[in-house]
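S.K.: Need coordinates for the following:
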Amino acid sequence: MVRAFILGLAIIGVFALPGQAATKAPTGKAVIPASDLIILGNPKAKVRMDEYASLSCPHCAQFNNEIFPAFKAKYIDTGKVAYVFHEFITPPEQVAVAGFMLARCVPPSKYYAVVDDLFRRQAKIYETHDLKGPLMEAGKAAGLNEAAVGACLQNEKALNALYDRVQANVDAGIQSTPTFFFNGVKVKEGEMTLQELDAAYNAALRPAAKSAK
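M.R.: Take a look at the predicted model:
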């Protein structure tokens, strides 16, 4: 599938992508290796929150920029929640794909910082129609020079791996972004408020409390 993509988009000589990747019918075959999942927070927390989102999705960016920081401070930074971000691709595909590839080029400890950085640059990308500049700025902030960013975005192996992860999420039934799960139970498709997140956290704790009796 990936070999059919055109490597050479004008922004950096990266690539142009067709718009079908995130809409392919589920096959039930793709599986994401556990090593590809990057956990933020306490891996042994009683509650795990999984978010399926795209770096090109405005609603995802709004959640990241306006709601997630308070949730992170209250639950993730205090060890109450293990958080996992799952990649999904929505139009314009080149924004999501390039952003995710860049985030995977840095050490796992910096992955979420790059994701947050790119969400915060999303509005500028759409306003200026410039992807190269924000990508270079985000890469530099994470410790990469221009050559490293260019090499990262032209890594076909990484591109294949990204599409395998996205396909696995499609196979799992994810259809829109953002989509949220708490302890494996889908809670909502669409942005969540902090109050809704509080309720989802408390609901996720209840089964554990019952089993402990």
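S.K.: Let me see the contact set for the closest residue to residue 37 other than its chain neighbours.
M.R.: Nearest residue to residue 37 in three dimensions, chain neighbours excluded: residue 84, at 5.4 Å (Cβ to Cβ, 6 or more residues apart in numbering). For every residue, glycine as well, the C-beta is placed using N, CA and C. Neighbour list for residue 84: 37-40, 48-51 [criterion: Cβ atoms under 8 Å, 6 or more residues apart in numbering].
S.K.: Who are the contact partners of residue 51?
M.R.: Contact partners of residue 51, counting by Cβ under 8 Å, 6+ apart, are 83-86, 178-181.
S.K.: Over to residue 103?
M.R.: Residue 103 makes contact with 111, 114-115, 118 under the criterion Cβ under 8 Å, 6+ apart.
S.K.: one more time with 10 Å, if that's ok
M.R.: 38, 55, 85, 87, 110-118, 138-139, 142, 152, 162 (Cβ atoms under 10 Å, 6 or more residues apart in numbering).
S.K.: do you know how far it is from residue 90?
M.R.: 16 Å (Cβ to Cβ, to the nearest Å).
S.K.: Likewise for residue 96?
M.R.: Residue 96 sits 6 Å away from residue 90, going by Cβ to Cβ.
S.K.: Ok, residue 142 next?
M.R.: Distance, residue 142 to residue 90, using Cβ to Cβ: 23 Å.
S.K.: Equivalent analysis for residue 159, please.
M.R.: For residue 159, the distance to residue 90 under the criterion Cβ to Cβ works out to 17 Å.
S.K.: which residues in the protein form helices?
M.R.: 58-62, 68-71, 93-103, 108-128, 132-141, 146-153, 156-171, 194-212 (DSSP state H).
S.K.: Go ahead and produce CSV holding the CA coordinates of the second one.
M.R.: As requested, C-alpha coordinates have been extracted for helix 68-71 and formatted as CSV (Å, rounded to 0.1, in the frame of the first residue of the first chain):
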residue,chain,number,x,y,z
PHE,A,68,-6.3,17.9,28.2
PRO,A,69,-3.8,20.0,30.3
ALA,A,70,-6.2,20.1,33.2
PHE,A,71,-7.0,16.4,32.9
